[in-house]
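>>> could you work out the structure for the sequence below:
(4 chains)
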2 protein chains.
Amino acid sequence: MQDMRIGELAARAHVSTRALRYYEEQGILHSERTPSGQRVYGEAAVERVRLIQHLFSAGLASRTIALILPCVDTGHAPPEMLSSLHTERDRITSVIADLEQARQRLDQVIELTEHPDPEHCAIVRDAAGRTTAIAGAAA
Amino acid sequence: MQDMRIGELAARAHVSTRALRYYEEQGILHSERTPSGQRVYGEAAVERVRLIQHLFSAGLASRTIALILPCVDTGHAPPEMLSSLHTERDRITSVIADLEQARQRLDQVIELTEHPDPEHCAIVRDAAGRTTAIAGAAA
DNA sequence: TGGCGACTTGCCCTTGACGTCAACGTGAGG
DNA sequence: CCTCACGTTGACGTCAAGGGCAAGTCGCCA
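Here you go, the predicted model:
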């Protein structure tokens, strides 16, 4: 397992070096150091950074990530952390529900626009003027 | 349909009045005004604000929301907006996938901590090993 | 009419996740 | 030895999503 320094990791995980230092600052990414202080990472760090990115993009805060990552690593949690884990799990579940609802609405719009149902043509055409008016005003 | 002012809407939708004014500023929530300038909302605004909140909590930016809300309202989109809608939809889909993966990891941890059954332990351990290998096996 | 709470706009403050710039150390090649 | 890309920490900038305060206005009730 050949090690890499921060620049290579950043390139391979498609994040900035700044982000990597920030993750370390937040305690969610660890590094070895050369005697001179340069950060050194193993292969595994690439996937780890991607995981971190996914969690961020899913709306989790760095503190939350810092909380759950060690548990995911070890595969278990100290019992006193269970309630936080349940809370986080429930939050994730409700966010998923929100997202699915939002996606469903989007799908409806897309479907109707791509395959305008003849029955609703009149309605759609009527609404078209208003929408572009709104879109134009908003833009 | 009796109307309400900003304070009541805020209370009923469980957001701050500041947030409501911010939504209006961002063009994602509209209001009528009294001759003196006070904001007036109809019943429907309550559900609209909740929808907005859901979209926010799902990680969508106000600009994105401003983009898709009119389409959701009218049930269709101007064709030139279709690609943006597809992009947003795909983003949402991948975020959902990330979240489900994260939740699954959490579930493993919770399960293992709540029921440290030796037999399951091995199985879950193995599964956890593989997933964290994907994520980057620490240690 | 006076009072009082809810409302208005305007402005700066805060937090999180970085970007960016400064000033300096590191290390492999010519 | 010099260079030059890459690394380091520290400090400040930015952008979104509001929070909070100020100073003035509205509307309703005694």
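>>> tell me, how many residues neighbour A:Asp90?
As a burial measure, A:Asp90 scores 11 neighbours (other CB atoms under 10 Å in any protein chain shown). In this view, the C-beta of every residue, glycine as well, is placed from N, C-alpha and C.
>>> secondary structure class for it?
Classification of A:Asp90 by DSSP: H, G, I helix; E, B strand; the rest coil places it in helix.
>>> distance check, it against DNA strand D.
Note on A:Asp90: its distance to DNA strand D, by CB to the nearest atom of the strand, to the nearest Å, is 20 Å.
>>> so where does A:Thr93 fall, helix or strand?
If you go by DSSP states H and E, A:Thr93 is part of helix A:82-114.
>>> and chain B, is that helix touching that?
Yes. Remark: helix A:82-114 sits within contact range of chain B at A:82, A:85-86, A:88-89, A:92-93, A:95-96, A:98-103, A:105-110, A:112-114, by CB under 8 Å from any CB of the partner chain.
>>> what's the burial count for A:Glu8?
14.
>>> tell me which element it is part of?
helix A:6-13.
>>> how far off helix A:6-13 does the very next helix or strand once past that helix point, in degrees?
Using DSSP H and E, the helix or strand that follows helix A:6-13 in sequence is helix A:17-25. If you take axes from the mean of the first three to the mean of the last three CA atoms, to 10 degrees, helix A:17-25 sits at 100 degrees to helix A:6-13.
>>> and DNA strand C, is helix A:17-25 touching that?
Yes. Using CB under 7 Å from any atom of the strand, helix A:17-25 reaches DNA strand C at A:18-19, A:22.
>>> I'd say A:Gln2 and A:Glu43 touch.
Yes. The criterion here is CB atoms under 8 Å, and A:Gln2 meets it with A:Glu43 at 7.5 Å.
>>> who has more neighbours out of the two?
A:Glu43 (15 against 6).
>>> distance of A:Leu60 from B:Leu67?
Going from A:Leu60 to B:Leu67 by CB to CB, to the nearest Å gives 24 Å.
>>> by mean pLDDT, point me to the weakest helix or strand of chain A.
Between all helices and strands in chain A, the lowest mean by mean pLDDT, DSSP states H and E belongs to helix A:121-138, at a mean of 39.
>>> I figured A:Leu20 hits A:Ala10, correct?
Yes. In terms of CB under 8 Å, A:Leu20 counts as a neighbour of A:Ala10; the distance is 5.8 Å.
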